[in-house]
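Undergrad: Turn this into a structure:
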Amino acid sequence: MIEVLLVNLILLIGACLQGLLGFGLGLFSAPLLFLLAPQYVPGPMILNALLLTLLMSIRNHQDLQWRQTSYALAGGTVGVLGAALLMSVLIFSQYRMLFGALIVIAVLLSVIGAKPQLSPRNNFIAGIFSGFMGTATSAGGAPMGLLYQHAPPKLRNANLSVFFLYINVFGMVVLWLGGISGWADLWLFLQSVPALLIGWGMSGFVGRHLPGQRLRQLILLVAFAAGLMSVLL
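TA: Got it, this is the predicted structure:
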C-alpha cells in the first residue's frame, strides 16, 4: 500500500513539473520509480509520457514547424530502434547500469549550458540520442531540450511535444513487438492516469507560486542522485 502511494505521488509531482516546464516527468519520475518499482520502467513510463505529450501537442499544434521536426523524427526513429535492439540482449543488472548512466548523462547535458544551433542536422543528431534515451529509460528529454533551450517558447513546446509524441508511440510499438513490453505495462499505465491528470491540472496553480528555475534544479538533483545509485548499487 505504501509503495502504491509513493508511486502515485512521484507520478503526480512529475506530471506537475511536466506541465510547468515542458519536461520533468521522465527525468524526475523514471529514476525514482526504477529504484522503488522497476516494473514501471520503461513501458508504463513511456505510456505516461505519451498521455502528457498528447495533451501538449493538442495545446501547441498551431506553432509546429515541420521542417525542423521532420529531421528530428528521422533521427528519433534510428535511436528507438537502436535502444530496442540493445535492450533485447541485456540482462537486468546490465540494463540497470545502462539506465543509471543514461540518466546521469541526461542531467549533465541539461546543465552544460551549451548552445547548439537549431538546424536540420542538429535536429537529426539530437533526435537519435533522445530517441535512444527515451526508449531505454523513458527520460529522453535532455538532448532535444538542450537543442531547443533558446528557441521561442511556442516553437519549442510545439516541436518537442510532437517529437516526443511520435517517439513515445513508436518506442512503445517497438518494445511491444519485441516482447520487452506487454499487457502488464498497459495495466500499470491505466492505474497511473488519475495521478497524471491531477498533477497536470495542478501545474497551472503551482506555476503561479514557485519559480521554474528552482524546480528545474530540484529535478536535476534528484535525477542525478537516483541515476548514480542505479549505477553503483
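
Undergrad: Low-confidence ranges, the protein, go.
TA: Counting by pLDDT under 70, the ranges of the chain that qualify are 212, 233.

Undergrad: quick one: residue 180 and residue 43 touch, right?
TA: Yes - using Cβ atoms under 8 Å, residue 180 makes contact with residue 43 at a distance of 7.3 Å. Using the backbone N, CA and C atoms, a C-beta is placed for each residue, glycine as well.

Undergrad: And those two? Which one has more around it.
TA: When neighbours are counted by other Cβ atoms under 10 Å, residue 43 comes out ahead of the other of residue 180 and residue 43, with 22 against 17.

Undergrad: Would you agree residue 160 is in contact with residue 147?
TA: No - counting by Cβ under 8 Å, residue 160 sits too far from residue 147 to count as a contact (9.2 Å).

Undergrad: Between those two, which is the more surrounded one?
TA: Neighbour comparison, residue 160 and residue 147: the larger count goes to residue 147, with 28 against 25 (by other Cβ under 10 Å).

Undergrad: how about that one, what does it touch?
TA: By Cβ atoms under 8 Å, 6 or more residues apart in numbering, the contact set of residue 147 is 116, 118, 122, 123, 126.

Undergrad: so where does residue 204 fall, helix or strand?
TA: Element membership of residue 204, judged by DSSP states H and E, is helix 183-207.

Undergrad: ok, then the element right after that helix?
TA: With elements assigned by DSSP H and E, the helix or strand that comes after helix 183-207 is helix 212-232.

Undergrad: which residues touch that following helix?
TA: The contact list for helix 212-232, computed with Cβ under 8 Å, 6+ apart, reads 17, 20-21, 24, 27-28, 31-32, 34-35, 96-97, 99-104, 106-107, 110-111, 139.
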